[in-house]
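1. turn this into a model:
(3 chains, ligands or ions: 2)
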Amino acid sequence: MKKILRHRMFWPVIALLALIVLNTIARPSFISITVQNGQLYGALIDILRNSAPLMLVSLGMMIVIATRGIDLSVGAIMAVSGAVALTIIADSPSPDDLGTVLVAILVGVLVSLLLGIWNGFLVAVVGVQPIIATLVLMLAGRGVALLITGGFITTINSAPYKFMAQGYVIGLPFAFFVSIAAIVIVALIERRTALGVLTEAVGINPEASRLAGVRARGIIWGAYAASGVLAGFAGILYTSNIMAADANAAGLYIELYAILAVVLGGTSLAGGKFTVAGTVVGVFTIETLRSTILFLGVPSAVAPLFLAIVVVIVVLVQSQRLRGAVAKLAQALRPKKPEVAR
Amino acid sequence: MTSVPVTTEKAPTGVVRRFLSRRASWVPVFAAVVLLVVIFAAAQAYFGNILTPRVISALLLDNAYLFILAVGMTFVILTGGIDLSVGAVMAFTGMFGASLMRDGMPSAAVVPIMLLLGAAFGLAIGVLVQYFDVQPFIASLAAMFAARGLAFMVSLDSIKVEDGAILWLQSTRLQAGVGSWYITPTGIIALLVVLVGALVLAFTRFGRTIYAIGGSEQSARLMGLPVVRTKLLAYVVSGVCAGLAGVVFTAYTGASYPLNGIGTELDTIAAVVIGGTLLTGGSGYVVGSMIGVFVYGTIKTVISFLGADQSWTRISIGALLLMFVVVQRVIVARSNRR
Amino acid sequence: MAADTEARPIAQMRGITIEFPGVKALDGVDLTLRGGEVHTLMGENGAGKSTLIKALTGVYPIDAGTIVVEGTPRTFRGTSDAQAAGISTVYQEVNLCTNLSVGENVMLGHEVRGPFGIDWKSTHREAERHLEGLGVRIDTRSLLAAHSIAVQQLVAISRAMVTDSRVLVLDEPTSSLDRGEVDQLFGVIRGLRDRGVAILFVTHFLDQVYEISDRLTVLRNGALVGEYPVAELPRAELIAKMIGRELDEFAAISRSADREIDRGGDPVIRATGIGRRGVLEPADVEVYDGEVVGIAGLLGSGRTELVRLLYGADRADAGRVEVRGRPARITNPRHAIDRRIAFSSEDRRAEGIVGDLTVAENIVLGIQAKRGALRKLRKAEQDAIVEEYIQALGVRPANPNALIRNLSGGNQQKVLLARWLATAPQLIILDEPTRGIDVGAKADIQRKVAELSEQGLGVVFISSELEEVVRIAQRIVVMRDRRKIGELTSHDTDVDDLVAFIAEEHDTQESPESVA
Ligand SMILES: Nc1ncnc2c1ncn2[C@@H]1O[C@H](COP(=O)(O)OP(=O)(O)OP(=O)(O)O)[C@@H](O)[C@H]1O
Ligand SMILES: [Mg+2]
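-> Numbers count the residues shown, from 1 in each chain, chains lettered A, B, ... in the order given. Ligands and ions are numbered 1, 2, ... in the order given. You can find the predicted model right below:
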């Protein structure tokens, strides 16, 4: 029991569960899942589906944060990759052809990889502070996306493309499987190889790592590249959901939500130790929160305030200091044992 | 033993070396100044009409709020923290102040309230950071959401300001002559804030403690410095600056709009960093941040001269920012190599 | 000072207990500090000395026990409270801000203030004065980061002198100081003692204990062993009390220095004219299989700079390097590692340990970096390696999953040694491997080095402790003023010769070539 309490995943998970319970109390239909044509529906299923882009972006963000960095450009990269993919499909004679769609996705993700490599180059080779290095692309990226779509919102009709965000496989949304795949791949790469530990070492003490022979530059570079690729896939999912490339709205503020998810999951922005499971829980917490706002019909004007309050509560629950203070208070209120005279 | 052993370490000889050994952290600031001059020269060569008193005066006027925010942000960043809430707090205090004035409250009462509101936001962030170990990024992000939500709750539409004193801040032009240099009270406020900020950081224990905390918070604590108080105060300073920026921005636009200042936090951080302040804390200057705002403002001015469409505007901002940070980085790396 | 005339107690700690998750760092410890007395706290690495000091000064809250200062029970909430009560402290990890100037580090919180805020001119003058008191003459406006650890340590000590305090606590202040600086410091300490200040001193150098202190408190594994007047506790007994068993400090390595080295073939490494402008004048070094080459010289003489160039930690701009007779280009650490050269830095905290990782992860970091990210060590292999080295070097606690950050300095050092030995190097460069390390662990490390070199490993060994160098190295490279000034064989050198050689040309500046 003590061990469970001490586990670093304990409080993040509690926060998520509490949120779900509160929703259910407010409206019991929240946890109900219905089956129609062999497909599952319900608020929880929506969360699984809608969280996919944020999940991908957050996983990339987590790796970057572990190296002591930050990637503000993920939203812009999403916009670019969506714009690239949709423009290819829109310009092709056969938008419903699976081959076309695959090529579009591939090119979109490759472009994102290049953008990630660019970020990594600025940080790892040129030595620009990460927040500024990625701010460059954050500012310029949407301009590039606008250029690609010619300043319009490109819309398409393509059944296979639509399937990614809106299709179902064995009763569950396809996008959820994309999330799972990303989680598994990231977890395997980071934990089955030594990449995870080496990344943490670079994040904790770059100089000691360098002297120990760790290829710090390559690791940092790789982290931004990975973040770029994951954001690219997220951009594809996002456009597949609305079947339109909107350079201004795609992935807007997603960098903030992603950072929030990573931190709620217990990873420090100062770099170093990270947990994939924590980030996953963090993403679900945020997505649940967003659907709570919709679900409870919180007026859109109040929504940011509501979000802020919940975020503060969640971080306070996770705060060691607050828990310590509460424990002390509880102890003080309990009847004291008679003190042994000295 | 007859002679007293003396430990000396060779002081670097030569003016440049000596300067570098003492003031290495000024190098990025100078790099920023040099680049600013280069940008101006290039723009002047290209457009031929950028270097006019009117354009340069407008730079101060248009960015007055950004100067003020950058000063507050410098305090926070120097401690090793960050404050994402400034844009939203500026919007909220602006909205709240405008609504009070619409209801007939005099500006002499409203302005202090706006400053206090800003201070309250700063204090809240500081308490979360200091007492509950919440990371500054997250604490200020929550404050940003909260302030934005509150701004919407005041009103979803823009509120026009008709208070004479507030409008005076903007409309008065202390001018040397027609088409010549001018400055508005908002510009004077901005410069005063920069001056006070710079003096506080350089000549008070509070200021020096901020640098010490940024260098190593643990060391500062073991040195017996008032770490808690100083960090709280740094966030309060940033909050007050955001409140003041709310006043200035309201004067600038003559109205308050709840969507004001979206993305301003990033503009502010970018300006501070361009001015040579390290995000890891402990190194940087308010004067540098001022230069940073000038650079940022100039980039925007140049782009408006280009008259590009939305997509090219964004790309050019990114490209100019990039050119700037890379060149600055090269200069700093050179000087580090001794 | 006569230790038996009971001086007035200024600070008293009774029954102090502090528990960290998983370790009881202190268990009912008593300590009494008296005015006009130098009190030394002794114990192995991890015995709880620093923790006791942090308990006294309010850095750690105590779980049980009382602290009485000048007759009143006190609970300090932090260093500033303790300072206000007249206790100034120099903590073990040099705790200064390297981003600020030297003068500011001395004066922070005590700056001279004029009508317009801080008066920087007077502040720096004050700082100069305090540094001068310790015999330090440097530009107080220069950045602290530009100075060596020794100077930083002296700056930290000067800082403690700024306030007039009744208790001065010095946690291993001499760990990176030279003899001359130590003498200077001891002079100051004696002066303060004679003015009635109570001084608490921690060191692992037994000679210094007998030189300066009046009274001793010995800790072992967080428990109090006892308090003794120095005069009544001979050296061997003190060691026995500290480590709980008998130990002959010097028996361990019976003159490894006298071993014959076969210098027939190609050396493991031969550097010719290696140097870097403004850092090190070109120097020649070679190390043969099974040889221990010591590097001796004062602080700032270029010892560290030399080995950093050899390893590629900094880039050399002159000279050639051959590894086993073949030319080698070593411009970054990976080049050195690929040639099976290992390097353990003198700055354990900043350049050695990866604090938030475990002991096990720190040990395998070197191997893992060498293998590359994709070829992860299997769990079983990793456990075997970690287990082997924890045993072989006696790392305590012997828990591979402890965070290295929470280990005591000596044990961190052993872990770093393990990291490099695990990569099976042919040459290992050890920069101050025994700094801040207790007698037992020091003997362990020396023994290990001697043993490995006997098995054929080439070793470069830097130490400020000349006794150690003379005992362990077969050949000694002597450095001064960022220049190699000569080489000695230990066979016919003793410490005094070495000291003389290092100092020799200091005088030649006045009277050239006047060697007695
Ligand atoms: N913050 C901490 N958290 C957990 N354990 C700690 C912490 N600080 C110290 N310890 C443990 O407490 C014990 C005592 O450590 P301490 O630093 O007081 O030793 P020391 O006697 O000063 O050793 P050294 O001679 O190496 O400086 C050690 O076992 C150490 O691992
Ligand atoms: Mg200690």
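2. ok, residue 208 - contacts?
-> In the absence of a named chain, this looks at chain A. When contacts are counted by C-beta atoms under 8 Å, 6 or more residues apart in numbering or on different chains, residue A:208 touches A:201, C:345, C:350-354. Placement of C-beta: from N, CA and C, glycine included.
3. wait, I meant chain C there
-> C:174, C:182, C:186.
4. touching, the first one and residue C:183? I think so.
-> No. With the criterion set as C-beta atoms under 8 Å, residue C:174 and residue C:183 do not qualify as a contacting pair; they are 10.4 Å apart.
5. before we move on, back to that, in helices, which of the contacts of residue A:208 appear?
-> Among the contacts of residue A:208, DSSP state H puts A:201, C:350-351 in helices.
6. and stretch B:255-272, average pLDDT?
-> Computed over stretch B:255-272, the mean pLDDT rounds to 91.
7. same deal with stretch C:135-148?
-> 88.
8. which parts of chain C sit against ligand 2?
-> C:49-50, C:92 (C-beta under 5 Å from the ion).
9. just give me the closest of those to chain A.
-> residue C:92 (19.0 Å; C-beta to the nearest C-beta).
10. now that closest one, nearest residue through space, not along the chain?
-> Closest residue in space to residue C:92, ignoring its immediate chain neighbours: residue C:171 at 4.1 Å, by C-beta to C-beta, 6 or more residues apart in numbering or on different chains.
11. one more: residue A:276?
-> residue A:187 (4.7 Å).
12. can I assume the one you found sits in a helix?
-> Yes. Under DSSP: H, G, I helix; E, B strand; the rest coil, residue A:187 falls within a helix.
13. give me the residue from the stretch 101-250 of chain A nearest chain B.
-> residue A:140 (2.5 Å).
14. next SSE after the helix or strand harbouring that residue?
-> In the assignment (DSSP states H and E), residue A:140 maps to helix A:130-148. For helix A:130-148, the following helix or strand on the C-terminal side (DSSP H and E) is strand A:154-155.
15. CA atoms only: put the following helix or strand past that next one into PDB for me.
-> Of the helices and strands lying after strand A:154-155 in sequence (DSSP H and E), the nearest is helix A:159-166. Taking C-alpha atoms only, helix A:159-166 is exported to PDB below (Å, rounded to 0.1, in the frame of the first residue of the first chain):
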ATOM      1  CA  ALA A 159     -12.400   8.300 -48.000                       C
ATOM      2  CA  PRO A 160      -9.100   6.700 -47.000                       C
ATOM      3  CA  TYR A 161      -7.800  10.000 -45.600                       C
ATOM      4  CA  LYS A 162     -11.000  10.500 -43.700                       C
ATOM      5  CA  PHE A 163     -10.700   7.000 -42.200                       C
ATOM      6  CA  MET A 164      -7.700   7.900 -40.100                       C
ATOM      7  CA  ALA A 165      -9.400  10.200 -37.700                       C
ATOM      8  CA  GLN A 166     -13.000   9.100 -38.200                       C
END
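16. just checking, next helix/strand downstream of the helix or strand containing residue A:207?
-> Using DSSP H and E, residue A:207 sits within helix A:206-211. As assigned by DSSP H and E, the chain's next helix or strand after helix A:206-211 is helix A:216-242.
17. is that next one positioned near chain B?
-> No. Using C-beta under 8 Å from any C-beta of the partner chain, helix A:216-242 never reaches chain B; the gap is at least 14.7 Å.
18. okay, buried residues for that helix please.
-> A:216-217, A:219-242 (16 or more other C-beta atoms under 10 Å in any protein chain shown).
19. now that helix and helix A:130-148, what's the angle there?
-> With axes from the mean of the first three to the mean of the last three C-alpha atoms, to 10 degrees defining the directions, helix A:216-242 sits at 40 degrees from helix A:130-148.
20. centre of the chain to helix A:216-242, how far?
-> Distance of helix A:216-242 from its chain centroid, counting by C-alpha atoms, centre = their mean, to the nearest Å, is 11 Å.
21. repeat that for stretch A:265-273.
-> 14 Å.
22. beta partners of residue C:64?
-> residue C:17 (DSSP bridges).
23. burial measure for it, as a count.
-> Here the count is done by other C-beta atoms under 10 Å in any protein chain shown, and residue C:64 has 13 residues near it.
24. over to residue A:12?
-> Residue A:12: 25 neighbours (other C-beta under 10 Å).
25. can you pull the phi/psi pair for it?
-> phi -60, psi -40 (degrees, to the nearest 10).
26. how about residue C:215?
-> phi -150, psi 150.
27. quick one, domains of chain C?
-> C:9-247, C:250-515 (automatic domain parsing).
28. least reliable of those going by mean pLDDT?
-> Among the domains of chain C, domain C:250-515 scores lowest, with a mean of 87.
29. who's in contact with the closest residue to residue B:82 other than its chain neighbours?
-> Leaving aside its sequence neighbours, residue B:82 sits nearest to residue B:136 (C-beta to C-beta, 6+ apart; 5.1 Å). Neighbouring residues of residue B:136 by C-beta under 8 Å, 6+ apart: B:76, B:81-83, B:125, B:129.
30. again, only this time at 10 Å
-> Shown in contact with residue B:136 (C-beta atoms under 10 Å, 6 or more residues apart in numbering or on different chains): A:269, B:76-77, B:79-84, B:125-126, B:128-130, B:231, B:235.
31. residue A:68 sits in which helix or strand?
-> With DSSP H and E as the test, residue A:68 turns up in no helix or strand.
32. ok, the residue nearest to it when sequence neighbours are not counted - how many residues close by?
-> Spatially, and ignoring its direct neighbours in sequence, residue A:68 is nearest to residue A:271 (3.3 Å; C-beta to C-beta, 6+ apart). By the criterion of other C-beta under 10 Å, residue A:271 has 22 neighbours.
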